[in-house]
Structures are given as structure tokens and as C-alpha cells.
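*Asks:* Model the following, please.
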Amino acid sequence: MKANYIEDLDKWKEDFQFFSEVSVRFSETDMYGHLNNTSVFTYFEYARIEYFKSLNCMEKWMNPKGETIPIVADLQCDYRKQVFFDEKLRVFVKTHKMGNSSMDLHYMGKNEHDEIVFTGRGTVVQINRKSGQPVAWSEEELEVYLQNS
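*Replies:* Predicted coordinates:
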């Protein structure tokens, strides 16, 4: 199955640089012993936050007096291979595209055999903490994210 956000899988794979490692916990498996389909979204969240930390972007959003916060506007996952309890995964994240106040992130999960087990994409929007309205990225933020795309 080809995900509609991936035109050339080989090229798409090569563009990833950042990843976080996770181990599949027993509580994340279903009655058949494989990774529950909802758990991947938790992995996306973990990897996304670690990605933002690596770019020094979380401090601004975590400051209780800060004016902006990121929200996930949409998230999608495409499952390619079964994953089981105690498998070690690398969850890759990259910035695919920047909008005025949004960014499109892409995700890729690989197992210990370097096989792609899931892919995904999602949109994060920066909003004003009080009004909930979108807030444009600064030039500095755009530069940081585009350098890591």
C-alpha cells in the first residue's frame, strides 16, 4: 500500500535525520500480542516532542507565561508490518513543509531489522494560548524548521 504523502519511498526515507527509540511495552499490545493500532500515535507524540527539544523549540511553548503553544490539527498513520511486544523501534521525524502558522511533519517507524513498520504524517499549528488563533512562525523559527526538513 502506498501512502498518498510519499511519492518516492527511497528518496523519502533518506531525508530523515532525527529519531527517538522506543520499546514496545506489554500494555501497548492487543489480545493478539501485536502493537495496538492506537499506540503508534503515542510514539509519534514522543518523537515529535523530542524532535522539538532537539531544535530548542520546546522552551517557548512550555513557558507558562508564553503566548503560543503547538496543537496537533491532524494525524495519520499507515501500518506496513506487524510489531510485537518488546521490539525496539526507531521513530523518525522530519519537517516536510512549513505554512504560515503550521507545519507538516512526517514520521517513519523502523524495527531492529531496519524494516519500515509504519509511516505517518500530521499537521501542527502554532496558536495563541489565550485566543486559540493561529500565530505565524518567526523568520528564525522558519529557518530552523526548514533546515531540518
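
*Asks:* which helices and strands sit right next to the top helix by length along the chain?
*Replies:* Ranked by residue count and defined by DSSP state H, the top helix of the chain is helix 39-54. Packing contacts for helix 39-54, counted by 3 or more CB pairs under 8 Å, 6 or more residues apart in numbering; DSSP states H and E, involve strand 18-23, helix 58-62, strand 68-79, strand 88-98, strand 102-110, strand 116-128. Every C-beta, even on glycine, is put in place using the N, C-alpha and C of the backbone.

*Asks:* deepest of the ones you listed, which one?
*Replies:* Of all these, strand 102-110 carries the top mean neighbour count, a mean of 22, counting by mean count of other CB atoms under 10 Å.

*Asks:* elements contacting it?
*Replies:* Using 3+ CB pairs under 8 Å, 6+ apart: strand 102-110 touches helix 9-14, helix 39-54, strand 88-98, strand 116-128.

*Asks:* among those, which is nearest residue 79?
*Replies:* Nearest of the helices and strands packed on strand 102-110 to residue 79, taken as CB to CB: strand 116-128 at 5.2 Å.

*Asks:* Can you name the next helix or strand after the closest one?
*Replies:* helix 139-147 (DSSP states H and E).

*Asks:* Any chance you could list what contacts that following helix?
*Replies:* Residues outside helix 139-147 that contact it (CB atoms under 8 Å, 6 or more residues apart in numbering) are 55, 56, 57, 95, 98, 103, 137.

*Asks:* repeat that for 7 Å
*Replies:* 55, 95, 98, 103 (CB atoms under 7 Å, 6 or more residues apart in numbering).

*Asks:* I'd like the residues you listed as CSV, with pLDDT appended.
*Replies:* Formatted as CSV, the contacts of helix 139-147 follow (pLDDT from 0 to 100):
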residue, pLDDT
55, 92
95, 95
98, 96
103, 96
